[in-house]
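Participant: Okay, here's the prediction I keep looking at, along with the sequence it came from:
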Amino acid sequence: MIYEDAMYSLLKQIFRTGIKTETRLINSTVRLQVSSDLQKTLVKHFGRALAIRHVDAGSCNGCELEIQATNNPYYNLEGLGIHFVASPKHADLLLVTGPVSKHMEIALKRTYDAMPEPKWVIALGDCGCTGGIFGETYATSGKVSNIIPVDLTIPGCPPTPMQILQGISAVILKSFS
Ligand code: SF4
């Protein structure tokens, strides 16, 4: 009887609460336009494949969650020919998050040096762009451009998947325009 009461009150709570998932804020037309422009450039210049190496140089992992979301089927990165790779030797684009911690400086430089030319670097999130709330301290070297050359910054704490997609698109389109 106790369990039935508990189940009943749980069901009542569910019906009272309703569906609370967020309404979709992203304009699908913009997403499709960005995807289409990017895909045309990728097909033309990369033979339909853009390989990204991601380095977390000291992030709180908020930016990583948004990168994960960008990689879900809704944004269809794989369908566009964009994929993440484990080795910098296979990468065209380096995506760096976080203020660069002192411990990651050498690893970041080595990753950059290991990438073949031509190569691009995006600093992602406020921390990567400016050092963010961490700045430059005894433990952090601040923005990514303090360590390696950066082609584009995507601000935000963290930036949304749409902003990440637009940033990737912008750096590639800019390079071939
Ligand atoms: S920009 Fe914000 S979410 Fe990204 S690593 Fe810095 S504090 Fe975390």
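Facilitator: That came in fine, so what should we check first?
Participant: tell me the contacts of the residue nearest the centre of the chain?
Facilitator: In the chain, the residue lying closest to the centroid (Cα atoms, centre = their mean) is I67, at 3.4 Å. Shown in contact with I67 (Cβ atoms under 8 Å, 6 or more residues apart in numbering): H54, L95, T97, L124, I164. C-beta coordinates here come from the backbone N, C-alpha and C atoms, glycine included.
Participant: one more time with 10 Å, if that's ok
Facilitator: By Cβ atoms under 10 Å, 6 or more residues apart in numbering, the contact list for I67 reads 52, 54, 56, 59, 61, 84, 95, 97, 124-125, 158-159, 161, 164.
Participant: V121 is in contact with T97, correct?
Facilitator: No. When contacts are counted by Cβ atoms under 10 Å, T97 is not listed as touching V121 (11.9 Å).
Participant: Name the residues contacting each of the two.
Facilitator: In contact with both T97 and V121: V55, G128, V144, using Cβ under 10 Å, 6+ apart.
Participant: neighbour count winner among T97 and V121?
Facilitator: Shown here are T97 and V121; by other Cβ atoms under 10 Å, T97 has more neighbours (28 against 23).
Participant: can you tell me the helix or strand for the residue nearest to the centre of the chain?
Facilitator: Remark: I67 resides in helix 62-70, with elements defined by DSSP states H and E.
Participant: ok, back up a step: tell me the one among the shared contacts of T97 and V121 nearest to the ligand.
Facilitator: The shortest approach to the ligand among these belongs to G128, at 6.9 Å (Cβ to the nearest ligand atom).
Participant: Please name the residues that touch the closest one.
Facilitator: Going by Cβ under 10 Å, 6+ apart, G128 touches 55-59, 63, 95-100, 121-122, 142-145, 150, 153-155, 159.
Participant: Next step: those residues restricted to strands.
Facilitator: Among those, DSSP state E puts V55, D56, L95, V96, T97, V121, I122, T153, I154 in strands.
Participant: Could I get the pLDDT score of the closest residue in space to P155 that isn't next to it in sequence?
Facilitator: Using Cβ to Cβ, 6 or more residues apart in numbering and skipping residues adjacent in sequence, the residue nearest P155 is C129, 5.0 Å away. At C129, the model reports a pLDDT of 96.
Participant: so when I look at E78, I'm seeing a helix, right?
Facilitator: Yes. Assigned with DSSP: H, G, I helix; E, B strand; the rest coil, E78 falls within a helix.
Participant: Tell me how far it lies from N71.
Facilitator: Separation of E78 from N71 (Cβ to Cβ, to the nearest Å): 8 Å.
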